[in-house]
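Colleague: Turn this into a model:
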Amino acid sequence: MGLLAGWGRYPFIVAQTLREQGVEVYCLGVHGHAESGLAEYCTDFQWIGLCKMGRAIRYFKRNDVKDICMLGKIHKVALFQPWRWARYLPDFKTVRTFIPHFLTRKKDCRDDTLLMAIVELFAANGIRFGPPTDYVPELLAGEGRLTRRRPTTAQWRDIEFGWEIARQMGGLDIGQSIVVKDQAVMAVEAVEGTDLCIRRGGELCRTGGFTVIKVAKPEQDMRFDVPTVGLKTLESMLAAGGRVLAIEAGRTIILEEPAVIDFANKHKLAIVSLKHPEARKNAA
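Modeller: Residues are numbered from 1 along each chain as shown. Below you'll find the predicted structure:
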């Protein structure tokens, strides 16, 4: 099995699970994103540049890997920094794939567009991307209230108000998270990611007590960019003044769930996992 690993704990969990199942894991860690300790859980681990798709394909083919997973966060803002091409020195396959996006501008640079271009490039070379959650389905959030504390009536109204807005934002491939207080949107996630969206929401809502809503896209491709929360999400909420996290059941990954729930209970945060806010009775 092949892994193309970005930032965070997700690649560690999948690599460890695969190893426990007796699967040989060949992993490429993206420079500046993946963590070095990941090598411990892999049959073979190598570093790779963000724009070295040709080298990645050659690595997996050399090791007879036909099925891979893309997991962990890639900080997309890196693609919009000055001198990005000189810094990352893309190889030929990467340049040819992304000319329509970054040079001729015939195609957009939304997350799904860029990630699907990668999927199609690998598929053309006999390598198939699959959903990482096929191997660790237990990471997907179950339905219900996950913490001792429950949202107040006003916070439930914020969840119901913000849920469809978050879904619409996801459908437009802008972001998956929004911050809501008193049925007003404080912040919307875009290229900066969930944690910075939460921090910005806290700066704009100095009274605190706001709700963070994170949902999947209406046509979510489970092979990549699946909504993910973990301790970092809650730490950002606590620092910014957030009190409630609402996520979509069955389509959101919770990393290290026991630690997340313990942290939330300790700091009196509420987490609810819903199919839809109308399923409120399941999280009462």
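Colleague: Low-confidence stretches in the stretch 51-200 of the chain?
Modeller: Applying pLDDT under 70 to the stretch 51-200 of the chain picks out residues 83-86.
Colleague: just the strands in it please.
Modeller: Counting by DSSP state E, counting those that start in this stretch, the stretch 51-200 of the chain has strands at residues 67-71, 128-129, 144-145, 177-181, 184-188.
Colleague: mind listing what the third one pairs with, with the direction of each?
Modeller: If you go by DSSP bridges, strand 144-145 pairs up with strand 270-274 (antiparallel).
Colleague: Convert the C-alpha atoms of the strand it pairs with to CSV, please.
Modeller: Extracted C-alpha coordinates of strand 270-274, given in CSV (Å, rounded to 0.1, in the frame of the first residue of the first chain):
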residue,chain,number,x,y,z
ALA,A,270,-19.7,20.7,23.5
ILE,A,271,-19.3,18.4,20.5
VAL,A,272,-22.3,17.1,18.5
SER,A,273,-22.1,14.8,15.5
LEU,A,274,-25.2,15.0,13.2
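Colleague: Which of the three states applies to Gln16?
Modeller: helix (DSSP: H, G, I helix; E, B strand; the rest coil).
Colleague: if we can go back for a sec, of all the strands of the stretch 51-200 of the chain, which one is nearest Cys51?
Modeller: Of all the strands of the stretch 51-200 of the chain, strand 67-71 sits nearest to Cys51, with 15.0 Å by Cβ to Cβ. C-beta here means a position set from N, CA and C on the backbone, and glycine is covered the same way.
Colleague: Name the stretch among the strands of the stretch 51-200 of the chain that sits most buried.
Modeller: strand 177-181 (a mean of 27; mean count of other Cβ atoms under 10 Å).
Colleague: who does it pair up with?
Modeller: Paired with strand 177-181 in the same sheet, following DSSP bridges, are strand 184-188 (antiparallel), strand 210-214 (antiparallel).
Colleague: Now the first one - C-alpha only, PDB.
Modeller: This means strand 184-188. Output of strand 184-188 as PDB, limited to C-alpha atoms (Å, rounded to 0.1, in the frame of the first residue of the first chain):
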ATOM      1  CA  ALA A 184     -24.600  35.600  12.200                       C
ATOM      2  CA  VAL A 185     -21.600  34.300  10.300                       C
ATOM      3  CA  MET A 186     -18.400  35.500  12.000                       C
ATOM      4  CA  ALA A 187     -15.900  33.700   9.700                       C
ATOM      5  CA  VAL A 188     -15.700  31.400   6.700                       C
END
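Colleague: where does the closest residue in space to Tyr41 that isn't next to it in sequence land on pLDDT?
Modeller: Among residues not flanking Tyr41 along the chain, Ala15 sits closest, at 3.8 Å (Cβ to Cβ, 6 or more residues apart in numbering). In this model, Ala15 is scored at 96, pLDDT.
Colleague: so after the helix or strand containing Ala246, what's the next helix or strand?
Modeller: Using DSSP states H and E, Ala246 sits within strand 242-248. Downstream of strand 242-248, the first helix or strand assigned by DSSP H and E is strand 253-254.
Colleague: Who are the packing partners of that next one?
Modeller: strand 228-229 (3 or more Cβ pairs under 8 Å, 6 or more residues apart in numbering; DSSP states H and E).
Colleague: now the next helix or strand after the strand it packs on and strand 177-181, what's the angle there?
Modeller: Sequence-wise, the next helix or strand downstream of strand 228-229 (DSSP H and E) is helix 231-240. Angle of helix 231-240 versus strand 177-181, following axes from the mean of the first three to the mean of the last three Cα atoms, to 10 degrees, is 30 degrees.
Colleague: Out of the strands paired with strand 177-181, which gets nearest to Arg157?
Modeller: Evaluated over the strands paired with strand 177-181, closeness to Arg157 peaks at strand 210-214, with 9.4 Å, by Cβ to Cβ.
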